[in-house]
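Student: below are the sequence and a predicted model for it; my questions follow.
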Amino acid sequence: MDFNALSEGVRPGGITTTHQIIILLCYMVRGAGEPVTLEQLAKAVVEEELVNYFEVTSATQLLVEKGHLTETEQKGLYVLSPLGEQTALEFEKNLPASVKDRAMGALINILKLLHREQENNIDIVKTDDGYELSLVMKDIGSDLLTVKMFFPTIEQCWEVKKRILNDPLTVYKGIFSILTGDYKTFGKLTEQEETETSTTEEN
C-alpha cells in the first residue's frame, strides 16, 4: 500500500510517494548507462531537493530487496534487472518532466566528477609552512601531467582542486600552452569548447 513520503527538505513539485521514488530511481539508473551506487542515487535527488533523504534511502534498499536492482561483480555498484527495466519503461511517463530532468542531470554530474577524480589524482599534504597540492593527470600510457604547488591555506587548496576537477582539460591545455608558447592553439580550443557548451545548453 502506498503512502505519502516525508516532505522535509523537498521542494514544491518534488516526489511525494514511495511508488514515485521507485520509478524515478529506476529511470535514473537506466539513463546513467553505467553501474551506480545507492549513495550516488540518493545524493542526486537529495541535493536537488526532489526527495527526502530517509525516504530515498529506504526506497533504494527496497529496490535491491525486491529485485529491481542487481549488484554487479564489483561490490556496491548496481544495474537494473529486467524488472527494474520494465518499471522504468512503463511508468516513467507518470513522473513530471522537470523532476526527471533535474534528477538525471544531477546524477550525470556526480558520475562525471567521479570519472574526473579517477583520471586526475589530487593530493593535499600539510607542510611546516602551509600545504602542498600535487596533481597527476593520467592517460592510457604515460601520465599527461605531474605538478606540485604550494599554498598557504587549506581553503586555497580546496578551491584549486574544485577548479581543476570542474575542467581538467582546460587546465592541461593552459599549462601546455604557457610552457610551449602556443597561445594561438589554446585560444582556438577554448573558443570551440565555449561554443559547444552554449549549443548544448540551448538544446
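Tutor: Great, that's in hand.

Student: okay, buried residues for the helix or strand harbouring residue 114 please.
Tutor: With the criterion set as DSSP states H and E, the secondary-structure element containing residue 114 is helix 97-119. Of the residues in helix 97-119, 99-100, 102-104, 106-107, 110-111, 116 count as buried by neighbour count, 16 or more other C-beta atoms under 10 Å. Glycine gets a C-beta too; all of them are placed from N, C-alpha and C.

Student: surely residue 123 is in a strand?
Tutor: Yes. Secondary structure assignment places residue 123 in a strand (DSSP: H, G, I helix; E, B strand; the rest coil).

Student: what's the burial count for the closest residue to it other than its chain neighbours?
Tutor: Across the structure, with C-beta to C-beta, 6 or more residues apart in numbering as the measure, the residue nearest residue 123 apart from its sequence neighbours is residue 134 (4.9 Å). For residue 134, the number of neighbouring residues by other C-beta atoms under 10 Å comes to 13.

Student: same thing with residue 59?
Tutor: Applying other C-beta under 10 Å, we find 26 other residues in the vicinity of residue 59.

Student: now the host helix or strand of it: how far from the chain's centre is it?
Tutor: Counting by DSSP H and E, the element that carries residue 59 is helix 53-65. Taking C-alpha atoms, centre = their mean, to the nearest Å, one finds helix 53-65 lying 20 Å from the centre of the chain it belongs to.

Student: in it, what's buried?
Tutor: Taking 16+ other C-beta under 10 Å as the basis for neighbour counts, the residues of helix 53-65 that come out buried are 55-57, 59-60, 63.

Student: can you list the strands that the following helix or strand past that helix pairs with?
Tutor: Sequence-wise, the next helix or strand beyond helix 53-65 is strand 69-71, with elements assigned using DSSP H and E. Looking at strand 69-71 with DSSP bridges, its partner strands are strand 78-80 (antiparallel).

Student: could you pull out the helices for the protein?
Tutor: When secondary structure is read from DSSP state H, the chain shows helices at 18-32, 38-47, 53-65, 82-91, 97-119, 154-166, 168-180, 183-202.

Student: for residue 77, give me the pLDDT.
Tutor: In this prediction, residue 77 carries a pLDDT score of 95.

Student: how near is it to residue 96?
Tutor: For residue 77, the distance to residue 96 (C-beta to C-beta, to the nearest Å) stands at 28 Å.

Student: same thing with residue 47?
Tutor: Counting by C-beta to C-beta, the separation of residue 47 from residue 96 is 18 Å.

Student: please apply the same query to residue 161.
Tutor: Taking C-beta to C-beta, one finds residue 161 at 35 Å from residue 96.

Student: cool, residue 43 as well?
Tutor: 20 Å.

Student: so where is the protein shaky, pLDDT-wise?
Tutor: Residues of the chain that meet the criterion pLDDT under 70 lie in 1-9, 185-203.
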